[in-house]
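Student: Next comes the sequence, and after it the predicted model I'd like to discuss.
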Amino acid sequence: MSSVMTIKQIEFKEETIQTLREVKKIMASEWLKHRMEVDQIIRRVRSNSFYVPKI
């Protein structure tokens with residue numbers, strides 16, 4: 001009985017690792033997609049005359 005539980009736990013662990021890898025891939029691609037937009041916003045804010053850099 002305990003060996004069956006161990007196998008189930010191992011299978012669950014493998015599935016979890018795979019899921020986390022997929023999530024990481026999605027997050028990485030989303031980050032790259034949005035980084036360009038974020039850079040544009042930062043540039044716009046910096047070029048704004050009201051922007052005061054914090055020293």
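Tutor: Thanks, I have it. Numbering: from 1, shown residues only.
Student: What confidence value was assigned to Ile55?
Tutor: On the pLDDT scale, Ile55 is placed at 64.
Student: go on, Glu22?
Tutor: The model's pLDDT for Glu22 equals 94.
Student: how much space between it and Lys8?
Tutor: For Glu22, the distance to Lys8 (CB to CB, to the nearest Å) stands at 21 Å. Yep, even glycine has a C-beta here, placed from its N, CA and C like the rest.
Student: go on, Lys24?
Tutor: 25 Å.
Student: again with Gln40
Tutor: From Gln40 to Lys8 the distance is 49 Å (CB to CB).
Student: Repeat that for Met27.
Tutor: 28 Å.
Student: With Val23 instead?
Tutor: 22 Å.
Student: Please apply the same query to Thr19.
Tutor: From Thr19 to Lys8 the distance is 16 Å (CB to CB).
Student: Just give me the residue right at the centre of the chain.
Tutor: Among the residues of the chain, the one closest to the centroid is Met27, at 3.5 Å (CA atoms, centre = their mean).
Student: Which of the helices or strands spans that residue?
Tutor: helix 2-47 (DSSP states H and E).
Student: Just give me how far that helix sits from the chain centre.
Tutor: Offset of helix 2-47 from its chain centre (CA atoms, centre = their mean, to the nearest Å): 4 Å.
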